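J.: could you work out the structure for the sequence below:
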Amino acid sequence: MATSSFYTPIITAATNEYLPAGVYNSQVRGNLNHLRSKVSVAATLGEDTSPIDASNGGTWTTLAMVGADDWDSVDLHEGDSRVLLDRPGVWLITAGCRFDTSTQGRFQMRLRLNNSKTLCRQDSQSLSVNGQMTLSTIHRSTVSTDYVELQVSNFLADEVPVLDSNGRTRVRAVFLGVDESNGSSWTAPTTQSTGTFASATWNQQVRDNLRHLHERPACRAYAVSAPGALGTGSSWVAVDLDGEDYDTDTMHSTSTNPSRVTLTRPGIWFVSAVSEAQQGAATVVNSTGLRIGVNGTVFRNAKIVDASGSGSTGFYNYFMNVSAIVFTSTTTDYVELEMRQDSSVSLVVGYGSSQTTHLCATWLGG
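T.: I've put the predicted structure just below:
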């Protein structure tokens, strides 16, 4: 069961120091309980919305999540559109959206932070039946007042209601840990004999191990400069990312191998990518792909869509989102955001801010 308690920084024991029971209670027992529980929430739509206006692309509607929460461990949701991120650190956030349409066209969803920044975005294209989209990303919060909302936009020729459909439209968030790295590593704890134990044992096997479990190295890299156009019928291309929102463990360089985010700890990682493909002719039919590459040789979770435009002119921006769980046994494996396209024209990869093409990763444990 999740608690509202926060992690307690662990003291360094001096040589031959005996520690009082209060230190054990707050720094061992309390922190173990904190690590075992997970502050989290799952907010649901609760009821079908009024139809979103037809041909209203570019206008975003914030969804009020008025349904009964699947769960809410520490009052992160109060029955409105906002899901509160109530503590600094790394958060895993996912969303699903179910909508009803009988025509082909484009429908969009995004996760919006503090109604000022897009964390993650997905477009749906060429549908003629009920649609379902999902989003997943991480966010590094530095305050206790951040919040996220789910928004939708409708390019379709028909009005489109968003459906509850037994909770398929929802926002979930879980707190993973603090966004720092003290350089701690895991040391296999030894079994202590009766009596007291040395301060070095406390410092290494209690302090450092608890730090290691609580830290969440994280990185969000994005394209500041134009990465270059994707050529017609191109093979998979790793996209250079020369900007950073954050990088807490030297996972990414904006100049050396800028396409790579290195997984700096052995174990299990969550990786998410968003791509924006811009095409100058809205009627060009093309297949656009996004995937997460690992070490330049394998890939995880590709997505390929028909991104043909309809009913629009000028540059047509199409967003995709994929995510993956990646396991590594080293500190040198890396992931990349890879794209490809198949059309009669080159496509421009979106750039300029972390709200467009970006790659993020955080350590889950292991």
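J.: that's a strand at Phe107, yeah?
T.: Yes: membership of Phe107 in a strand is supported by DSSP: H, G, I helix; E, B strand; the rest coil.
J.: give me the neighbour count for the residue lying closest to it once chain neighbours are set aside.
T.: Among residues not flanking Phe107 along the chain, Ser124 sits closest, at 4.7 Å (Cβ to Cβ, 6 or more residues apart in numbering). In this view, the C-beta of every residue, glycine as well, is placed from N, C-alpha and C. Close neighbours of Ser124, defined as other Cβ atoms under 10 Å, add up to 19.
J.: please identify the helix or strand for Ser124.
T.: Using DSSP states H and E, Ser124 sits in strand 117-125.
J.: for the helix or strand just after that strand, list every residue counted as buried.
T.: As assigned by DSSP H and E, the chain's next helix or strand after strand 117-125 is strand 131-141. For strand 131-141, a neighbour-count test (16 or more other Cβ atoms under 10 Å) marks Gly131, Met133, Leu135, Ser136, Thr137, Ile138, His139, Arg140, Ser141 as buried.
J.: wait, which of these is closest to Glu78?
T.: Lowest distance from Glu78 to those (Cβ to Cβ) belongs to Ser141, with 18.2 Å.
J.: quick one: residues contacting that closest one.
T.: Applying Cβ atoms under 8 Å, 6 or more residues apart in numbering to Ser141 gives the contacts Leu85, Arg87, Pro88, Gly89, Val90, Trp91, Asp179.
J.: could you redo these as JSON lines and give each row pLDDT and distance to Arg265?
T.: Converted to JSON lines, the contacts of Ser141 look like this (pLDDT from 0 to 100; distance: Cβ to Cβ, whole Å):
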{"residue": "Leu85", "pLDDT": "95", "distance to Arg265": "23"}
{"residue": "Arg87", "pLDDT": "87", "distance to Arg265": "22"}
{"residue": "Pro88", "pLDDT": "88", "distance to Arg265": "21"}
{"residue": "Gly89", "pLDDT": "88", "distance to Arg265": "17"}
{"residue": "Val90", "pLDDT": "92", "distance to Arg265": "14"}
{"residue": "Trp91", "pLDDT": "95", "distance to Arg265": "19"}
{"residue": "Asp179", "pLDDT": "68", "distance to Arg265": "14"}
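J.: ok, so of the buried residues of strand 131-141, who is nearest Thr169?
T.: Met133 (9.8 Å).
J.: hang on, isn't that closest one packed against Ser124?
T.: Yes: using Cβ atoms under 8 Å, Met133 makes contact with Ser124 at a distance of 5.3 Å.
J.: can you list residues touching both of those two?
T.: Contacts common to Met133 and Ser124, judged by Cβ under 8 Å, 6+ apart, are Phe107, Met109.
J.: list the contacts for the residue nearest the centre of the chain?
T.: Centroid-nearest residue in the chain: Thr137, 1.3 Å away (criterion: Cα atoms, centre = their mean). When contacts are counted by Cβ under 8 Å, 6+ apart, Thr137 touches Leu92, Ile93, Thr94, Leu111, Leu119, Cys120, Ser272, Val274, Asn321, Ser323, Cys360.
J.: let's see that with 7 Å instead.
T.: Ile93, Leu111, Leu119, Cys120, Ser272, Cys360 (Cβ atoms under 7 Å, 6 or more residues apart in numbering).
J.: just flag the most distant two among these.
T.: Leu111 and Cys360 (12.5 Å).
J.: out of the two, which sits in the busier spot?
T.: Taking other Cβ under 10 Å, Leu111 and Cys360 do not tie; Cys360 has more neighbours (29 against 25).
J.: any idea how far that one lies from Ala218?
T.: According to Cβ to Cβ, to the nearest Å, Cys360 and Ala218 sit 7 Å apart.
J.: so what's the residue count around Ala302?
T.: 15.
J.: that one is in contact with Ile292, isn't it?
T.: No: in this structure, Ala302 is not within contact of Ile292 by Cβ atoms under 7 Å, at 8.1 Å.
J.: just among the contacts of Ser141, which is most surrounded?
T.: Most surrounded of the contacts of Ser141: other Cβ under 10 Å gives Trp91, at 28 neighbours.
J.: partner residues bridging Glu336?
T.: Arg260, Gly293 (DSSP bridges).
J.: list the contacts of it.
T.: Neighbouring residues of Glu336 by Cβ under 7 Å, 6+ apart: Ala238, Ser259, Arg260, Gly293.
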